[in-house]
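A.B. asks: could you look at this predicted model? Sequence included:
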Amino acid sequence: MFITFNRVRLDDTDAAGILFFANQFRFVHDALDDFFDADGHSFNKMLFEYGFIFVIVRAESDYLAPLTVGDNLEIHVMVEKIGTTSFIMLYNIYKSDDHSLVGTSKTVHVCLDRVERTKLTIPDLYRSLLGKHTFAGQ
């Protein structure tokens with residue numbers, strides 16, 4: 001499991017003063033970016049050095065409690081499954097102050113050639129990184 005942090009800002013909220021639903025996806029995408037950066041394999045390297053990209057083909061979220069401006073978040077990132085050309089990520093979002101679970105998300109990613117946009121086998125380097133964070137129950 002990988003852990004990263006974020007914070008709810010004013011522009012993350014809606015007219016009711018709570019997290020706008022789509023911004024939970026921004027938080028998990030930021031967490032995914034941190035996940036790859038932490039091991040030295042950034043999205044920038046994928047795109048410009050290695051020539052492939054991971055695109056999201058499915059995303060889902062559950063909202064378990066409202067979030068407001070200033071809430072500090074702890075995001076737990078896990079890999080649920082690694083296939084030949086795709087993988088599934090799980091995210092648990094907690095409020096940092098009381099460690100209450102406030103949201104969950106799941107994303108499915110497919111590896112594509114950056115130029116041709118055709119499916120590729122996940123490169124061994126990234127397969128290894130993903131494998132280090134596979135959900136213990138799988």
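C.D. replies: Ah, there it is.

A.B. asks: going forward, measure contacts between C-alpha atoms and count neighbours the same way
C.D. replies: Noted.

A.B. asks: any idea where the helices of this structure begin and end?
C.D. replies: Chain-ordered helices for the chain, with DSSP state H as the definition, fall at 23-38, 43-45, 124-131.

A.B. asks: averaging pLDDT over each of these, which comes out lowest?
C.D. replies: Taking each of the helices of the chain in turn, the lowest mean pLDDT turns up on helix 43-45, with a mean of 80.

A.B. asks: in that one, what counts as buried?
C.D. replies: F43 (16 or more other Cα atoms under 10 Å).

A.B. asks: which parts of the protein are strands?
C.D. replies: With DSSP state E applied, the chain shows strands at 2-7, 52-63, 72-82, 86-95, 101-113, listed in chain order.

A.B. asks: any idea which of the helices of the chain is most buried?
C.D. replies: Among the helices of the chain, ranked by average contacts under mean count of other Cα atoms under 10 Å, first place goes to helix 23-38 (a mean of 18).

A.B. asks: now that helix against helix 124-131, angle please.
C.D. replies: Put simply, helix 23-38 runs at 120 degrees to helix 124-131, going by axes from the mean of the first three to the mean of the last three Cα atoms, to 10 degrees.

A.B. asks: among the helices of the chain, which is nearest L90?
C.D. replies: Relative to L90, the nearest member of the helices of the chain by Cα to Cα is helix 23-38, separated by 9.1 Å.

A.B. asks: give the contact list for the residue most central in space within the chain.
C.D. replies: Centrality entry for the chain: nearest residue to the mean C-alpha point is L32, 3.5 Å, by Cα atoms, centre = their mean. Shown in contact with L32 (Cα atoms under 8 Å, 6 or more residues apart in numbering): V77.
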